[in-house]
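A.B. asks: Got a predicted model here, sequence first, then my questions.
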Amino acid sequence: MADSTKKLGLITLTAVVISAMIGGGVYNLPQNMSQYAGAGAIIIAWVVTGIGIWFVANTFRILAAARPDATTGIYSYGQLGFGNFIGFLMAWGYWLCNCFANIGYAVLLMDSLDYFFPGYFTGGNNFNSVIGGSLVIWIIYFIVLAGVKGATSLNTIGTIGKLVPIVLFLLITAFLFKFGAFFINFWGTETIPALADKPLGSVFTQVKSTMLVTLWVFIGIEGAVVISDRAKSQSDVGKATLLGFLACLIIYILLSLLPIGYYSQGQLSTMAAPSTAAVLGGMIGIWGDWIMNIGVIISILSSWLVWTIMLAELPLAAAKGQTFPKAFAKVNKNNSPSFSLLISSIIMQVTMILVYFSNNAWNLMLSVTGVMVLPCYIACTAYLWKISAKNDNYPTTIFASRKNAIITGFLGTIYGLWLIYAAGLNYMLLAAVIYAIGIPFFMRARKEFNPTQPEFNKEEKALSIVLFILGVLGLIYLIMNYKALLGQ
């Protein structure tokens, strides 16, 4: 463990949370939200998401105070609350979720570079993009390998850099905002050919369709919790989570709604990524395109860096908890999880190659990442619900009352289940395949650490069988529908 001089303070932890959430995806929020919903439905979607994510964020705040000993967050909560196998699945799912998220960043990064080098990085997943994305994977690998403290300090600078273009975008779109334009086809149910508006279905359908997008931009809210083992104070972990949540929620709402006061829903829905560049370019000319595309590049690199830090931490923690193979517990002289980081980078490299075959790589990575993280969030909210339901398990000296914790855990779990419903069966089956692949790794770890003990207890064995069956069904579905999933 690093000494106290290398621990992370409140500002650095808050920067980690914000940077983990504000990646390149937020720069495409105007198009992503307008593709599925009118202004009225977008407002409702953010209200639903804001309330739901608040309970998730509050879960992490309360758990950081109630269980300060659980210094690796998602993995620790899963293991403490539901046993070794659940803890492993949370670490496994969250780890791979982060790997896929980084490849989503790679696609968007290359697509942004295509603006400056037209035709060279078309779609963000052509041959040149795969080469460029691969180079970034290994450059960031060596940066994090040199030490987490230095990498997080670099991320703090990057976080400031990524917020500047966003603030400029919000100021300009607010100045040019027209209420008359905003309320045209407010509920997204009309056909207006001159504005390219088409009916988007019922308000419920519109709201439901945006849920993976709104979830995606909040993935990373647990950033301070994941690396809380490196925090100077556990109280800073909860504060950083709250500050990051509030800042990002305000930014996301404004990014989604202000452009509708200038462009129609239909016009926004067809804008190329990153749509903030198209919006600002249409308002102030080529400088708008330059500002936002440069912002995307800074934002992606900063988020990619912090997600690489986070994705390497959980396998390390799981190996220390004897649920990942021993090799993942290795750290180098800089206290970086060297083996975990290496395997993570290899997985990202393989995924980077595979996205070459997708016609809609960005949306594919967004959807897969969203469904992979859902079980992790649900396990955390359920764990809070579990410890707060029993008087002897919940501390009475922290800021949140037992009643507050019960409500937070319960409603956070309900929100997670709603998101599973909103995600749809196809991506949940794909997630089941990925989770099921982890079963042999858990079995190997248990054999390494406890060779005389069975790999599973009775409940874990039943769960592993169910997961295996779902994985097989998911694999069959994937084989039968791979063209649709890849956007072909």
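C.D. replies: Everything's here; your move.
A.B. asks: For the stretch 351-488 of the chain, which segments count as helices?
C.D. replies: In the stretch 351-488 of the chain, the helices defined using DSSP state H, counting those that start in this stretch lie at 361-388, 402-423, 425-437, 439-449, 458-485.
A.B. asks: Kindly reformat those helices as CSV containing mean neighbour count.
C.D. replies: In this view, the C-beta of every residue, glycine as well, is placed from N, C-alpha and C. Shown next, in CSV, are those (neighbours: other Cβ atoms under 10 Å):
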stretch, mean neighbour count
helix 361-388, 24
helix 402-423, 18
helix 425-437, 19
helix 439-449, 17
helix 458-485, 14
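A.B. asks: How many neighbouring residues does the closest residue to residue 386 other than its chain neighbours have?
C.D. replies: Leaving aside its sequence neighbours, residue 386 sits nearest to residue 81 (Cβ to Cβ, 6 or more residues apart in numbering; 5.5 Å). Counted by other Cβ atoms under 10 Å, the residues lying close to residue 81 total 21.
A.B. asks: so the longest helix anywhere in the chain versus helix 361-388, what angle?
C.D. replies: Longest helix in the chain, counting residues (DSSP state H): helix 286-320. If you take axes from the mean of the first three to the mean of the last three Cα atoms, to 10 degrees, helix 286-320 sits at 50 degrees to helix 361-388.
A.B. asks: so how far is helix 286-320 off the chain centroid?
C.D. replies: Centre-to-centre, helix 286-320 and its host chain are 11 Å apart (Cα atoms, centre = their mean, to the nearest Å).
A.B. asks: same thing with stretch 115-125?
C.D. replies: 25 Å.
A.B. asks: And stretch 49-67, by the same measure?
C.D. replies: That offset, for stretch 49-67, works out to 16 Å (Cα atoms, centre = their mean).
A.B. asks: again with stretch 88-104
C.D. replies: Distance, centroid of stretch 88-104 to centroid of chain: 9 Å (Cα atoms, centre = their mean).
A.B. asks: How about the contacts made by the nearest residue to residue 447 once chain neighbours are set aside?
C.D. replies: The spatial neighbour of residue 447 that comes closest, neighbours along the chain excluded (Cβ to Cβ, 6+ apart), is residue 455 at 6.7 Å. Counting by Cβ atoms under 8 Å, 6 or more residues apart in numbering, residue 455 touches 442-443, 446-447.
A.B. asks: try it again with 7 Å
C.D. replies: Residues near residue 455 by Cβ atoms under 7 Å, 6 or more residues apart in numbering: 443, 446-447.
A.B. asks: can you put the residues you listed in a markdown table and add distance to residue 192?
C.D. replies: Converted to a markdown table, these look like this (distance: Cβ to Cβ, whole Å):
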| residue | distance to residue 192 |
| --- | --- |
| 443 | 58 |
| 446 | 61 |
| 447 | 64 |
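A.B. asks: Where does pLDDT dip in the stretch 151-300 of the chain?
C.D. replies: Within the stretch 151-300 of the chain, the stretches with pLDDT under 70 are 151-153.
A.B. asks: all helices for it, in order.
C.D. replies: Under DSSP H, counting those that start in this stretch, the stretch 151-300 of the chain gives helices at 179-182, 203-209, 211-216, 223-226, 234-257, 265-269, 275-284, 286-320.
A.B. asks: Point out the most buried one among these.
C.D. replies: Across the helices of the stretch 151-300 of the chain, the average number of neighbours (mean count of other Cβ atoms under 10 Å) peaks for helix 223-226, which reaches a mean of 31.
A.B. asks: List the neighbours of that helix that are in contact with it.
C.D. replies: Against helix 223-226 from outside (Cβ under 7 Å, 6+ apart): 13, 16-17, 20, 60, 64, 72-74, 237, 240-241, 306, 310, 313-314.
A.B. asks: try it again with 8 Å
C.D. replies: Contacts for helix 223-226 (Cβ under 8 Å, 6+ apart): 13-14, 16-17, 19-21, 60, 63-64, 72-74, 94, 231, 236-237, 240-241, 244, 306, 310, 313-314.
A.B. asks: what's the angle between the helix or strand encompassing the residue nearest to residue 386 and helix 458-485?
C.D. replies: Assigned by DSSP states H and E, residue 81 belongs to helix 74-82. Relative orientation of helix 74-82 and helix 458-485, computed by the same axes, to 10 degrees: 140 degrees.
A.B. asks: got the buried residues for helix 74-82?
C.D. replies: By 16 or more other Cβ atoms under 10 Å, the buried positions in helix 74-82 come out as 74-82.
A.B. asks: list the helices and strands it packs on?
C.D. replies: helix 84-116, helix 286-320, helix 361-388 (3 or more Cβ pairs under 8 Å, 6 or more residues apart in numbering; DSSP states H and E).
A.B. asks: Now do that helix: distance to the chain's middle.
C.D. replies: Per Cα atoms, centre = their mean, the centroid offset for helix 74-82 relative to its chain is 19 Å.
A.B. asks: Next, work out how far apart the nearest residue to residue 279 once chain neighbours are set aside and residue 288 are.
C.D. replies: For residue 279, ignoring the flanking residues on the chain, the nearest one in space by Cβ to Cβ, 6+ apart is residue 259 at 4.8 Å. Per Cβ to Cβ, to the nearest Å, residue 259 is found 12 Å from residue 288.
A.B. asks: what is in contact with these two at once?
C.D. replies: With Cβ under 8 Å, 6+ apart, residue 259 and residue 288 have common neighbours residue 279.
A.B. asks: Would you convert the helices of the stretch 151-300 of the chain into TSV that also reports distance to residue 414?
C.D. replies: Output for the helices of the stretch 151-300 of the chain, formatted as TSV (distance: least, Cβ to Cβ, whole Å):
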stretch	distance to residue 414
helix 179-182	32
helix 203-209	15
helix 211-216	14
helix 223-226	21
helix 234-257	18
helix 265-269	30
helix 275-284	32
helix 286-320	25
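A.B. asks: right, and those - which one's nearest residue 160?
C.D. replies: helix 286-320 (9.2 Å; Cβ to Cβ).
A.B. asks: Which elements pack onto that closest one?
C.D. replies: helix 10-21, helix 74-82, helix 84-116, helix 127-145, helix 148-175, helix 223-226, helix 275-284, helix 338-354.
A.B. asks: let's go with 6 Å and repeat that
C.D. replies: helix 10-21, helix 74-82, helix 84-116, helix 127-145, helix 148-175, helix 275-284, helix 338-354 (3 or more Cβ pairs under 6 Å, 6 or more residues apart in numbering; DSSP states H and E).
A.B. asks: what's the closest of these to residue 68?
C.D. replies: Per Cβ to Cβ, nearest to residue 68 of the helices and strands packed on helix 286-320: helix 74-82, 10.7 Å.
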